[in-house]
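Novice: Sequence and predicted structure are below.
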Number of protein chains: 2
Amino acid sequence: GNFPKVHAASGVATVSKAHSKWMADSITDVEVFEQNPNDMKTKMEMMILRMQGEICKELESIDGDKKFRVDRWTREQGGGGITCVMQDGTVFEKAGVNISVVHGTLPQGAVNQMRSRGRKLQGQSLPFFAAGISAVIHPKNPHCPTIHFNYRYFEVTDETGEKEWWFGGGTDLTPYYLVKEDVVHFHKTLKAACDKHNQTFYPKFKKWCDDYFNIPHRGERRGVGGIFFDDLDYADKDELFNFLTTCAEAVIPSYVPIVQKHKNDGYSLGERQWQLLRRGRYVEFNLIYDRGTKFGLQTPGARYESILMSLPLTARWEYRHEPEVGSKEDLLLQVLREPKDWVS
Amino acid sequence: GNFPKVHAASGVATVSKAHSKWMADSITDVEVFEQNPNDMKTKMEMMILRMQGEICKELESIDGDKKFRVDRWTREQGGGGITCVMQDGTVFEKAGVNISVVHGTLPQGAVNQMRSRGRKLQGQSLPFFAAGISAVIHPKNPHCPTIHFNYRYFEVTDETGEKEWWFGGGTDLTPYYLVKEDVVHFHKTLKAACDKHNQTFYPKFKKWCDDYFNIPHRGERRGVGGIFFDDLDYADKDELFNFLTTCAEAVIPSYVPIVQKHKNDGYSLGERQWQLLRRGRYVEFNLIYDRGTKFGLQTPGARYESILMSLPLTARWEYRHEPEVGSKEDLLLQVLREPKDWVS
């Protein structure tokens, strides 16, 4: 590894201790961390390295069988990432937990897209920095939901030298069968994380999530939502970073109890087929509508295997599949067509 | 059905005889056919109705087990279609043969896309007519390739009253294992169809096909190509229609012998898994890059089940799957990465 072994400086002990819990060496050299401990770039990278380690270890311990394959990669145009994927486990059919810390020049598509969201960003080729963690976890058992989360920090310097920065992210749940108390537990955990920082966050970000994870051609949401936000820049930077950290730390308590509860539930072939059909819808959303996937694949030097790790191991498309009215499958569909309030 | 039973007019016998071989009643009333026998709208719709019938009957006879489900649908904004889908057959895992005959006002996305191809089309809301046949056939056996074809006619009237028309289409093959003589047979059949009309067509449309069915993020083509063309308007209209008809008639002879040859081949679980992985790539192309799918899903009132019938029954995504160097899977990949000339 590239972790420096001998150091006398004071911050080193902390970084060194943190390092032992990461899945791989950091992308940025730890000496840069030590020299810039208060830079948001350092804080974000250390936070996502820690979260990746904690979440992967937790999932490995639940699975009990498979371990994560760890790929540390670098990007020719600047930066790199650590992609951790577990496949064909006992509990997890496919789980990917990816961090990336990249910099360079923003691709034109991304600039246009940011401008269309209202960012000024004057100029043509803009230097940027982005650090984020992104994960999708598909359990095998149709009674265990899929979870996705993503937390990221962005910096762009425009032609006039002005530096814009913002945070984005969210966590959302995609169950195959609706268990109301599980969805309520999930949303309550996210709400508590939001409320710790700002009482207006949860209602706003819950709605944003329902609006974002939409499959317009089907008139269905991808799942039962959660929280989603972008362009968060209207408060103290450190306070927003703390909010992001709280959200990332809420992933395990929001999700793991649901998996533990259902991982040994019995299921029929029909329930498995329904899960695979819903995974087909997941693929439709990710490949047709998801902004991250779309701009990721357009980025020169993008590592498409890391971007597409979100796709399930297996998916299914049946022509005009329609669950029986009043069936458990139909009950889920109703909630996907008309999002509900789960916490009130 | 809505086919008029009593008629004394002369053309009726022909239309009535043709009708008995269609999968369902025509979209346009047959009286309109009789009144406008030389209109390209009539000719196209009658051609695609006939081809749909012939191809579906042929596939049913090969399968020997399942029949096509036939859905005749209408579009609120004008026109409709006939979607025929066979699922879970003995030979065919999923086969969709769709025709549509639609008219109305072009959605803005489609106008922009046509302009970016060089069409003038002045004005905002442009009346259009489109008739086409589109099919994707996914056999179960990994030694039988998937085929896709699409033949279509377009008319747009712009603000100045000028009517533009053009033809488009193509046929292409997606094998899971490379059998050189099968691919040569396929390309030779398409070349013969092209050569009957214009010696320059095959080389031009073969290259166009390789360029179109490209998955840039993977650096792979979807399959071994075939022919692809669009904006065909630079010759006598009837002659171009005859070319389209020849191409559509070449589908069965180009493809069916390959299916007959391999439908009973033995295969291993590993070969089946490879087929499902390649189907994942098929999904990636169709949902991320295919123009027809993209603009189809954006069209108000689009019947998404007909558009997405192209997706396979099952698909698979493994993180960083890499076939062994020199394996049969690797041999296919080499051809997908570097398209070859099959006829020379």
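Specialist: In hand now; what should we look at?

Novice: Run through the residues that contact the single nearest residue of the stretch 151-300 of chain A relative to chain B.
Specialist: Residue nearest to chain B within the stretch 151-300 of chain A: residue A:287 (3.9 Å; CB to the nearest CB). From N, CA and C alone the C-beta is placed, and that goes for glycine too. Applying CB atoms under 8 Å, 6 or more residues apart in numbering or on different chains to residue A:287 gives the contacts A:293, B:283-284, B:287-288.

Novice: now residue A:226
Specialist: Per CB under 8 Å, 6+ apart, neighbours of residue A:226: A:170-173, A:186-187, A:190, A:206, A:209.

Novice: do the same with residue A:51
Specialist: Applying CB under 8 Å, 6+ apart, the residues near residue A:51 are A:133, A:151, A:248-249, A:251.

Novice: in the stretch 51-200 of chain A, which spans are helices?
Specialist: All helices of the stretch 51-200 of chain A, identified by DSSP state H, counting those that start in this stretch, fall at A:108-116, A:180-195.

Novice: In TSV, list the ones you listed along with mean neighbour count and distance to residue B:115.
Specialist: Listed next are the helices of the stretch 51-200 of chain A as TSV, based on neighbours: other CB atoms under 10 Å in any protein chain shown; distance: least, CB to CB, whole Å:
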stretch	mean neighbour count	distance to residue B:115
helix A:108-116	15	18
helix A:180-195	19	45
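
Novice: and the spatially closest residue to residue A:214 that is not a sequence neighbour, how many neighbours?
Specialist: Leaving out its chain neighbours, the residue that sits closest to residue A:214 by CB to CB, 6 or more residues apart in numbering or on different chains is residue A:221, at 5.8 Å. Residues lying near residue A:221 (other CB atoms under 10 Å in any protein chain shown) number 23.

Novice: where does residue A:221 land on pLDDT?
Specialist: Per-residue confidence (pLDDT) for residue A:221: 98.

Novice: Next, find the distance separating it from residue A:338.
Specialist: The gap separating residue A:221 from residue A:338 is 9 Å, by CB to CB, to the nearest Å.

Novice: again, but for residue A:166
Specialist: 31 Å.

Novice: what about those two, which has more around it?
Specialist: Ranked by neighbour count (other CB under 10 Å), residue A:166 and residue A:338 place residue A:166 first, with 20 against 11.

Novice: if I pick that one, what's in contact with it?
Specialist: With CB under 8 Å, 6+ apart, residue A:166 has these contacts: A:153-154, A:230-233.

Novice: same check, this time on residue A:154
Specialist: Neighbouring residues of residue A:154 by CB under 8 Å, 6+ apart: A:128-130, A:165-168.

Novice: try it again with 10 Å
Specialist: A:44, A:106, A:110, A:114, A:119, A:128-132, A:164-168, A:230-233 (CB atoms under 10 Å, 6 or more residues apart in numbering or on different chains).

Novice: Same question for residue A:178.
Specialist: A:145, A:224, A:328-329, A:331-336, A:340.

Novice: where in the stretch 1-150 of chain A is pLDDT low?
Specialist: A:1-13 (pLDDT under 70).

Novice: Apply 90 and report the result again.
Specialist: Scanning the stretch 1-150 of chain A for pLDDT under 90 picks out A:1-20, A:76-77, A:105-125.

Novice: Show me which residues of it sit near chain B.
Specialist: A:69, A:71, A:83-88, A:94, A:96 (CB under 10 Å from any CB of the partner chain).

Novice: could you flag which of the residues you listed are buried?
Specialist: A:71, A:83-87, A:94, A:96 (16 or more other CB atoms under 10 Å in any protein chain shown).

Novice: In TSV: these, plus distance to residue B:243.
Specialist: Shown next, in TSV, are these (distance: CB to CB, whole Å):
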residue	distance to residue B:243
A:71	50
A:83	49
A:84	53
A:85	48
A:86	53
A:87	48
A:94	46
A:96	48
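
Novice: what packs against the helix or strand where residue A:238 lies?
Specialist: Remark: residue A:238 resides in helix A:237-249, with elements defined by DSSP states H and E. The contact analysis (3 or more CB pairs under 10 Å, 6 or more residues apart in numbering or on different chains; DSSP states H and E) places helix A:237-249 against helix A:40-63, strand A:127-139, strand A:146-157, strand A:163-174, helix A:180-195, helix A:201-212, strand A:225-232.

Novice: what's the closest of those to residue A:307?
Specialist: Proximity to residue A:307 (CB to CB) singles out strand A:127-139 among those, at 8.9 Å.

Novice: That closest one - which strands sit beside it in the sheet, and in what orientation?
Specialist: strand A:92-105 (antiparallel), strand A:146-157 (antiparallel) (DSSP bridges).

Novice: Just tell me which of those strands ends up closest to residue B:216.
Specialist: Using CB to CB, the nearest of the strands paired with strand A:127-139 to residue B:216 is strand A:92-105, at 19.2 Å.

Novice: Could you quantify the relative orientation of the closest one and helix A:40-63 as an angle?
Specialist: Orientation check (axes from the mean of the first three to the mean of the last three CA atoms, to 10 degrees): strand A:92-105 against helix A:40-63 gives 170 degrees.

Novice: Counting neighbours, which of the contacts of residue A:166 comes out on top?
Specialist: Most surrounded of those: other CB under 10 Å gives residue A:153, at 26 neighbours.

Novice: From residue B:204, how far off is it?
Specialist: Taken as CB to CB, the span from residue A:153 to residue B:204 is 49 Å.

Novice: repeat for residue A:287
Specialist: From residue A:287 to residue B:204 the distance is 30 Å (CB to CB).

Novice: what's the answer for residue A:52, then?
Specialist: 50 Å.

Novice: Looking at those two, which is more packed in?
Specialist: Each of residue A:52 and residue B:204 has its neighbours counted (other CB under 10 Å); residue A:52 has more, 26 against 14.

Novice: ok, that one touching residue A:23?
Specialist: Yes - counting by CB atoms under 10 Å, residue A:23 is a contact partner of residue A:52 at 5.5 Å.

Novice: which neighbours do these two share?
Specialist: A:68, A:70, A:82-84, A:97, A:99.

Novice: could you give the mean pLDDT of stretch A:195-205?
Specialist: Model confidence over stretch A:195-205, given as mean pLDDT, is 98.

Novice: swap that for stretch A:322-339, please
Specialist: pLDDT averaged over stretch A:322-339 gives 98.

Novice: what comes up buried for that stretch?
Specialist: Those would be A:329, A:332-333, A:335-336, A:339, for stretch A:322-339 by 16+ other CB under 10 Å.
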